[in-house]
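In: My questions concern the predicted model and sequence given below.
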Amino acid sequence: MVAIVKEKPGIGFSLKRVPVPNELGPHDVLVKVKRASICGTDIHIYDWDRWSQERIRPPQIGGHEFTGEVVTTGKEVTSVSIGDSVVSETHIPCQKCLQCRTGKMHICKNTQILGVHRDGVFAEYVRVPEVVLWKVDPSIRPEYASIMEPFGNAVHTALVTDLTGKNVLITGAGPIGVMAAAVAKVAGAAQVIVSEIKEFRKDLARKMGADVVIDPTEEDLPSRVRAFTEDNGADVL
């Protein structure tokens with residue numbers, strides 16, 4: 001198969017032919033990748049900055065955001081079937097440590113991240129354990145399904161507290177920020193205020209439902225927030 005590989009230390013990736021990872025453990029799933037998205041983490045790895053140098057061990061396939069179709073399953077897989085459309089969480093728990101055994105897999109001390117600690121999804125096929133796979137409606141366009149992981153971050157962030165009738169301030173209209181703006185509106189926020197300096201992102205925030213977009217390099221952010229909230233300020237940041 002063809003894959004985008006961090007072949008050696010240094011700037012860049014390489015397009016390589018590599019073996020299909022079809023040796024599956026009992027709970028592993030082989031997924032044919034339909035669409036993969038580029039995350040800021042992938043840019044760090046491309047640039048080979050200090051963060052990457054401390055974590056990446058080339059050669060390694062990059063990428064962690066994707067959607068695909070199940071093509072093969074391990075003998076004990078029960079949650080997905082061949083032909084299912086799936087997306088994946090990117091943090092893979094060991095399922096053996098104390099945290100995993102007590103229902104806290106999100107803080108597994110042996111967590112591995114796709115495309116960081118193990119081969120990722122910038123390839124035709126990827127092998128992942130069933131524990132991190134979620135079935136999705138196959139009618140969802142792949143370019144949308146592939147960003148379920150950052151969208152999940154936005155949903156979790158926006159729904160940590162009850163937003164009904166609240167004034168919400170989001171600082172930064174990056175991908176997760178603009179998705180959080182949309183989620184906040186659906187969740188019942190009275191006003192969603194976004195702080196952003198880049199024109200493209202400001203426009204995108206408006207399209208995603210922000211009521212007010214403030215450029216802090218041109219306006220005083222605290223004063224503008226108070227002006228839009230009857231001098232009360234933001235309820236949720």
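Out: Ah, there it is. Numbering: from 1, shown residues only.

In: burial count for T67?
Out: By other Cβ atoms under 10 Å, the residues close to T67 number 28. Yep, even glycine has a C-beta here, placed from its N, CA and C like the rest.

In: Then V121?
Out: With other Cβ under 10 Å as criterion, V121 counts 28.

In: and if you look at I61?
Out: By other Cβ under 10 Å, the residues close to I61 number 22.

In: mind listing what it touches?
Out: The contact partners of I61, taken as Cβ atoms under 8 Å, 6 or more residues apart in numbering, are A3, I4, V5, K6, V18, G115, D119, G120, V121, F122, A123, V126.

In: The same query, at a cut-off of 6 Å, please.
Out: I61 makes contacts with A3, V5, D119, G120, F122, A123, as judged by Cβ atoms under 6 Å, 6 or more residues apart in numbering.

In: if I look at the last one, how far off is T67?
Out: Taking Cβ to Cβ, to the nearest Å as the criterion, A123 is separated from T67 by 14 Å.

In: joint contacts of those two?
Out: Joint contacts of A123 and T67 (Cβ under 6 Å, 6+ apart) do not exist.

In: Okay, domains of this protein per the record?
Out: 2-146, 151-228 (automatic domain parsing).

In: Next, format the ones you listed as TSV and append distance to A234 and mean pLDDT.
Out: As requested, these are exported to TSV (distance: least, Cβ to Cβ, whole Å; pLDDT from 0 to 100):
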stretch	distance to A234	mean pLDDT
domain 2-146	25	97
domain 151-228	4	95
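
In: Compare those and report which one is nearest to L237.
Out: The minimum distance between L237 and the domains of the chain falls on domain 151-228, with 5.1 Å, by Cβ to Cβ.

In: what about the closest one, start to end distance?
Out: End-to-end distance for domain 151-228: 27 Å, by Cα to Cα, to the nearest Å.

In: V116 - how many residues pack around it?
Out: 23.

In: Give me the buried positions along stretch 177-186.
Out: Judged by neighbour count using 16 or more other Cβ atoms under 10 Å, the buried positions of stretch 177-186 are G177, V178, M179, A180, A181, A182, V183, A184, K185.
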